[in-house]
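1. Quick one, structure for this:
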Amino acid sequence: MPIFKKLQSIVDQYDTTTGMDLAIDKPYLILLVEVGDEDTTHGEFVAIKGRKDAYNYLSTYGINGNYNILKSFILSGGITFGNEVSIYTFCRMCVENYQYDSVDTLDYLNTMARNTALDNDQEYIDDAWLERFYRQELNAKAK
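-> As a prediction, this is how the structure comes out:
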C-alpha cells in the first residue's frame with residue numbers, strides 16, 4: 001500500500017511573494033537520524049504533503065537538537081534513494097529560495113548543523129564547510 005494515494009492536481013498554486021510553485025500536493029518523506037547515532041541505517045520517518053508543511057514540521061521538530069540534520073534526509077516526488085538531500089540543505093533552500101523564514105534562521109540552522117554533527121566531525125564544520133556542503137548537494141547530478 002502506498003504512503004500517499006496518487007492525486008491529480010487541477011490547478012497550480014504560486015506564492016504571491018516569491019512567484020514560486022507552492023507544491024501543496026507534493027509528497028515528502030523525511031528520514032530522521034538521532035544525534036550521536038553513527039549508524040544512519042535506522043531512525044524515524046515522517047511522511048508529509050506540501051513543501052511548506054514539510055518545512056514547518058522540520059523547523060518545529062527536526063531542527064531542535066535531537067536529530068543530526070547533516071545525516072537526516074528528505075525525499076520528494078520522483079526523487080529516488082541515492083538522490084535525497086539533507087535536512088540542512090532542504091531547510092536552507094526553503095529560507096533562501098522560498099523565503100519561508102528570516103535570515104536569522106540560517107544562523108540557527110548553521111549552529112544546529114555544527115551542534116548535532118558527530119563529535120569527530122564538529123571540529124572542521126565551519127561556515128565555509130557548510131557552504132561547500134550545501135552547494136555540493138544542490139549541484140549534485142541525478143543518478
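2. Spit out the contact partners of Gly36.
-> When contacts are counted by CB atoms under 8 Å, 6 or more residues apart in numbering, Gly36 is found next to 68, 118-119. All C-beta atoms are positioned from the backbone trio N, CA, C, and that covers glycine.
3. In ChimeraX, select just the buried ones from the residues you listed.
-> Selecting only the buried entries of the contacts of Gly36 in ChimeraX, with 16 or more other CB atoms under 10 Å as the criterion:
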select :68
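4. In strands, which of the contacts of Gly36 fall?
-> Among these, no member falls in strands (criterion: DSSP state E).
5. just the contacts of Gly36 now: which is nearest Tyr100?
-> Closest to Tyr100 out of these is Asn68 (21.7 Å), distances taken as CB to CB.
6. Setting the sequence-adjacent residues aside, check what's closest to that closest one.
-> Thr116 (4.7 Å; CB to CB, 6 or more residues apart in numbering).
7. ok, the one you found to Ile74 distance?
-> Taking CB to CB, to the nearest Å as the measure, Thr116 falls 16 Å from Ile74.
8. And Asn115, by the same measure?
-> In terms of CB to CB, Asn115 sits 20 Å off from Ile74.
9. So for these two, which sits in the more crowded spot?
-> The residue with more neighbours, out of Asn115 and Ile74, is Ile74; 24 against 13, by other CB atoms under 10 Å.
10. Give me the sheet partners of the helix or strand where that one lies and which way each runs.
-> Using DSSP states H and E, Ile74 falls within strand 73-76. Paired neighbours of strand 73-76 in the sheet (DSSP bridges): strand 27-32 (antiparallel), strand 85-86 (antiparallel).
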